[in-house]
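1. sequence plus predicted model, see below.
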Amino acid sequence: AQSVTQLDSQVPVFEEAPVELRCNYSSSVSVYLFWYVQYPNQGLQLLLKYLSGSTLVKGINGFEAEFNKSQTSFHLRKPSVHRSDTAEYFCAIETSGSRLTFGEGTQLTVNP
Amino acid sequence: DSGVTQTPKHLITATGQRVTLRCSPRSGDLSVYWYQQSLDQGLQFLIQYYNGEERAKGNILERFSAQQFPDLHSELNLSSLELGDSALYFCASSVGLQPYNSPLHFGNGTRLTVT
């Protein structure tokens, strides 16, 4: 079965610091991987996705993620975070039956 | 604004009752997905409809049912409610069948509290 695991439930960082949110996946077939963000009291928004090709994927709001097949990882990074990046971030994998299976979520809190 | 409208925003009801959650997808979107978000189980896929037909089923309880109407809006019916059904229920819509080529757009959710 295909699944994703987010390795950190909470990540506190200071403003303008770099951040990495970690996601590992499990799959025996080709994967489609996604990162979504959920701001307070809102639904999820797509940040970026990996389908194939270049392993470095750029998304919105300055985020990027790197697909690493040997490590089965898809970590999300941002070189300099802002207070407005405070949100919950979800890694997801497209599984059979055209559904998205989400990880447990990582709460990113950017402190002044 | 994602363009996906969910009503009501909040719902408080008692155990044993039945409720209906409504979702209006973005204009032009044919797929509707329902997800449940709770503290203990995270985001769980419930069911997907495409152009009125059920396309995929996830961890949806037998007490729950859904449908998509000819105008493409969808309703999620929850019956014989239990305390554990308290959660945020999200609807998402997309143009096509598969997330990899047809991004999901999520509504702001309906927060259900069962007392």
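-> Yep, it's here. The shown structure was predicted, so the numbers you read here are calculated from the model rather than taken from an experiment. Numbering: from 1, shown residues only, chains lettered A, B, ... in the order given.
2. what does chain A have sitting close to chain B?
-> Chain A comes close to chain B at residues A:32, A:34, A:41-46, A:49, A:51, A:90, A:94, A:97-105, as judged by C-beta under 8 Å from any C-beta of the partner chain. Quick note: C-beta positions are derived from backbone N, CA and C, even for glycine.
3. ok, of the residues you listed, which come out buried?
-> Buried residues within the residues of chain A next to chain B, counting neighbours by 16 or more other C-beta atoms under 10 Å in any protein chain shown: A:32, A:34, A:43-46, A:49, A:90, A:94, A:98-105.
4. residue B:42 reaches residue A:104, doesn't it?
-> Yes - counting by C-beta atoms under 8 Å, residue A:104 is a contact partner of residue B:42 at 4.9 Å.
5. tell me the residues of chain B that contact chain A?
-> B:2, B:4, B:33, B:42-43, B:45, B:48, B:55-56, B:58, B:90, B:92, B:97-101, B:103-109.
6. out of the residues you listed, which are buried?
-> Buried among those by 16+ other C-beta under 10 Å: B:2, B:4, B:33, B:42-43, B:45, B:48, B:55-56, B:58, B:90, B:92, B:98-100, B:104-109.
7. following element in sequence after the helix or strand containing residue A:46, please.
-> Using DSSP states H and E, residue A:46 maps to strand A:44-50. Remark: after strand A:44-50, the chain's next helix or strand is strand A:56-58, criterion DSSP H and E.
8. show me what the very next helix or strand once past that following strand is packed up against.
-> The helix or strand immediately downstream of strand A:56-58 is strand A:64-68, counting by DSSP H and E. When contacts are defined as 3 or more C-beta pairs under 8 Å, 6 or more residues apart in numbering or on different chains; DSSP states H and E, strand A:64-68 packs onto strand A:33-38, strand A:44-50, strand A:56-58, strand A:73-78.
9. which other residues reach the second one?
-> By that I understand strand A:44-50. A:31-39, A:57-61, A:63-65, A:67, A:74, A:76, A:89-90, B:2, B:90, B:92, B:100, B:103-104, B:106 (C-beta atoms under 8 Å, 6 or more residues apart in numbering or on different chains).
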